[in-house]
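Novice: Give me the fold of what follows.
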Amino acid sequence: MEDHTAGHNKEKRYECDVCGKAWQQPYLLKIHRRVHTGERPYVCSICDKSFMRTQELKKHRRLHSGEKPYGCSTCGKRFARLSGLWVHRPVHSSERPYTCSDCGKGFKLSTDLKVHRRLHTGERPYTCSDCGKGFTRSTSLLEHRHTHTGERPYTCSQCGEGYIRAKSLRAHQRTHTGERPFICAKCGKSYTRSTSLREHQCTHTGECPYTCAQCGKGFTRSTRLLSHQRVHTGDRPVPSTVCGGGLAMASHVLSHQRVHTSGQPYDCPYCGEAFDSSRELRQHRRAHAGEQMLPLQQTFQEHAGAAGAPADTHQRVTL
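Specialist: This is a model prediction of the structure:
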């Protein structure tokens, strides 16, 4: 024990001549100096990304190999990094030690609480340089940027369908496998997405914390409420790359594009989904906001015409 303590008390004799930070071993100083010089001697042979330390390169290579050496002893889920496993472990605990002082909601991770509090403060620190839209998470901004570039980097190996988000691809793949891992503890009904399960649970608890002030419809997520409100305001901020018309959500772009290729003339001006008959479109429109939806005075055909699209691109859909 004394020898171990002596190791901690050993004089740090190797000092950085740039910042003054000191180490006990010369190799640690050598590694540190790369912070100042920018040297990254360890290069990935697959993608050419470079690193300061061999350990960083070793961890990076797992992205290419798919190796995940760290497994959760509770559920078996595996991770490429030990830090990923440590972040995952609280999922199995019922304890939520981090509580929001505004609404009392509890979280398992302090980082989740930090992001949640932005819902109350309105802070959106990550801003898109193309359209100015703000986000509470950096990952949300990265995914959003694909809506401008048209890139869909996550592709299904079975059918070739492309997605902007990795989680969207995972949910889609379950349509091939039949897997429905999200199960309601009360009635046993299962779902392919966790968000679908949360929305379903509202039918048991009645708790939908985000409510539309105009029609009273409840939502489990603030982002879904925001998208829904466009039904009432008519706001369609996402332009169609085909006809120039507007869509309420970026996620509706793909379904809208099918309108121009599928031969289905009746398309929804809110989400872009197309139908063979006006009756099907009327039924679909009720799903957006029930019978309390505002009447559509302007047709999507007029939207497209104003943007210079051919007059026969869309049928009139004011039904």
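Novice: Output the below-cut-off pLDDT ranges for the stretch 1-150 of the chain.
Specialist: 1-10 (pLDDT under 70).
Novice: what's the spacing between residue 36 and residue 54?
Specialist: Plainly put, residue 36 is 19 Å away from residue 54 if you go by Cβ to Cβ, to the nearest Å. Just so you know, the C-beta spots here come from the backbone N, C-alpha and C atoms, and that holds for glycine as well.
Novice: Please apply the same query to residue 31.
Specialist: Distance of residue 31 to residue 54, computed by Cβ to Cβ: 10 Å.
Novice: For the two, work out which one has more neighbours and name it.
Specialist: More neighbours surround residue 31 than the other of residue 31 and residue 54, with 14 against 11 (other Cβ atoms under 10 Å).
Novice: is it true that the more buried one lies in a strand?
Specialist: No. Using DSSP: H, G, I helix; E, B strand; the rest coil, the secondary structure at residue 31 is helix, not a strand.
Novice: Name all residues that make contact with it.
Specialist: Listed by Cβ atoms under 8 Å, 6 or more residues apart in numbering, the contact partners of residue 31 are 52-53.
Novice: Residue 23 now?
Specialist: Taking Cβ under 8 Å, 6+ apart as the contact definition, residue 23 lies against 12, 14-15, 29, 32.
Novice: Return a PyMOL selection command for the buried portion of those residues.
Specialist: To isolate the buried ones among those in PyMOL, judged by 16 or more other Cβ atoms under 10 Å, type:
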select buried, resi 14+29+32
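Novice: Pipe the contacts of residue 23 into TSV and attach distance to residue 73 per row.
Specialist: Converted to TSV, the contacts of residue 23 look like this (distance: Cβ to Cβ, whole Å):
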residue	distance to residue 73
12	38
14	40
15	43
29	38
32	36
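Novice: Now flag whichever of the contacts of residue 23 is closest to residue 144.
Specialist: Top of the list for closeness to residue 144, among the contacts of residue 23 and by Cβ to Cβ, is residue 32 at 36.6 Å.
Novice: thinking that closest one is in contact with residue 20, fair?
Specialist: No. Look at residue 32 against residue 20 with Cβ atoms under 8 Å: they stay out of range, at 11.2 Å.
Novice: Got the phi and psi for residue 198?
Specialist: Backbone torsions for residue 198, taken as degrees, to the nearest 10, come to phi -60, psi -40.
Novice: what separates it from residue 14, distance-wise?
Specialist: Distance from residue 198 to residue 14, by Cβ to Cβ: 54 Å.
Novice: how far out from the middle of the chain is stretch 110-124?
Specialist: 16 Å (Cα atoms, centre = their mean, to the nearest Å).
Novice: same check, this time on stretch 155-162
Specialist: Chain-centre distance of stretch 155-162: 19 Å, with Cα atoms, centre = their mean.
Novice: Give me the contact list for that stretch.
Specialist: Applying Cβ under 8 Å, 6+ apart, the contact partners of stretch 155-162 are 152-154, 163, 169, 172-173, 176.
Novice: Switch those residues over to TSV; also include neighbour count.
Specialist: Converted to TSV, those look like this (neighbours: other Cβ atoms under 10 Å):
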residue	neighbour count
152	15
153	13
154	19
163	21
169	18
172	17
173	18
176	11
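Novice: Report the two of the residues you listed separated the most.
Specialist: Spanning the widest gap among the contacts of stretch 155-162 are 153 and 176, at 19.2 Å by Cβ to Cβ.
Novice: quick one: residue 144 is in a helix?
Specialist: Yes. Counting by three-state DSSP, residue 144 is part of a helix.
Novice: Give me the spatial nearest neighbour of it, chain neighbours excluded.
Specialist: In space, and not counting its chain neighbours, residue 144 is closest to residue 128: 5.9 Å by Cβ to Cβ, 6 or more residues apart in numbering.
Novice: wait, what's in contact with that neighbour?
Specialist: For residue 128, the contacting residues are 134-135, 141, 144-145, 148, by Cβ under 8 Å, 6+ apart.
Novice: Three-state assignment for residue 230, please.
Specialist: helix.
Novice: how near is it to residue 128?
Specialist: To residue 128, residue 230 is 18 Å away according to Cβ to Cβ.
Novice: The residue nearest to residue 198 when sequence neighbours are not counted and residue 202, how far apart?
Specialist: In space, and not counting its chain neighbours, residue 198 is closest to residue 220: 4.6 Å by Cβ to Cβ, 6+ apart. Here residue 220 is placed at a distance of 6 Å from residue 202 (Cβ to Cβ).
Novice: do residue 176 as well
Specialist: Using Cβ to Cβ, residue 176 is found at 28 Å from residue 202.
Novice: Tell me which stretches of this protein form helices.
Specialist: Taking DSSP state H as the test, the helices found in the chain are 2-9, 26-37, 54-65, 82-88, 110-121, 138-149, 166-177, 194-205, 222-233, 253-257, 259-262, 278-289, 300-306.
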